[in-house]
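> Just to be clear, the model below is a prediction. Sequence and coordinates:
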Amino acid sequence: MNSHLTKFFLLIISFLLLSNNLMAEPKETDWLTLMPKEDQQALNNMPELVLHNTAEAPSQFGKIGGLKQQDKTLPKVMYSTNTVPSLEGKRIRIGGYPVPIELNKQGKVIQLFIVPYPGACIHVPPPPPNQIILVNYEKGIELKDIYEPIWVIGKLHIEAISNDLADASYSMQADKVRPVEESDL
């Protein structure tokens with residue numbers, strides 16, 4: 001009987017340790033990891049872009065605005081939808097900037113795009129679709145400022161998404177979304 005009790009407690013402890021590891025935040029995923037090596041190389045060989053860096057600057061990308069702005073003079077890599085198959089279903093943590101899409105009744109953001117740099121939907125060239133992730137977060141998060149970075153944690157999926165605001169090559173059902181804190185840096 002004593003050995004059965006010991007095995008039971010070991011089983012419980014193992015379960016608790018395993019569930020604790022599943023809830024721990026994974027190591028940070030770099031945005032470039034979402035791009036195939038060919039796209040990374042093309043990005044490295046791209047000429048430097050002249051960007052507007054103030055909110056008042058007019059857009060050089062036409063009147064449409066949003067993450068679908070296009071400048072046909074940019075290299076193809078700026079519109080790449082190429083993905084990395086080994087990332088399908090992988091639980092990741094990625095930091096970036098929110099572009100809210102849908103709010104719940106309490107005013108919390110439950111659907112958003114996360115992008116690698118702030119201002120991507122206003123006056124700078126938008127990231128390529130393989131650098132945009134559609135995030136669904138049922139719990140919702142209160143966003144005070146879209147220029148404040150956030151962490152998104154969940155399983156990444158390869159999925160072509162296109163709506164009025166953006167084209168994205170990835171989606172995520174997030175189990176956690178939180179602001180980046182100074183202790184994270």
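The structure has been received and is ready for your questions.
> Check the gap between the residue lying closest to Gly107 once chain neighbours are set aside and Glu182 for me.
Excluding the flanking residues, the one nearest Gly107 by CB to CB, 6 or more residues apart in numbering is Glu142, at 7.1 Å. In short, each C-beta sits where N, CA and C put it, glycine included. Here Glu142 is placed at a distance of 19 Å from Glu182 (CB to CB, to the nearest Å).
> Point out where this structure drops to low pLDDT.
Applying pLDDT under 70 to the chain flags the ranges 1-23, 49-72, 121-124.
> show me where it has helices.
Per DSSP state H, the chain carries helices over the ranges 2-23, 37-44.
> tell me, how many neighbours does the nearest residue to Pro36 once chain neighbours are set aside end up with?
Closest residue in space to Pro36, ignoring its immediate chain neighbours: Asn82 at 4.9 Å, by CB to CB, 6+ apart. A count of nearby residues for Asn82, using other CB atoms under 10 Å, gives 16.
> how much space between Asn82 and Ala174?
Asn82 is 23 Å from Ala174, by CB to CB.
> on that earlier part again, quick one, which of Glu142 and Glu182 is more surrounded?
Glu142 (10 against 5).
> picking that back up, so who does the residue nearest to Gly107 touch?
Applying CB atoms under 8 Å, 6 or more residues apart in numbering to Glu142 gives the contacts Gly107, Lys108, Val109.
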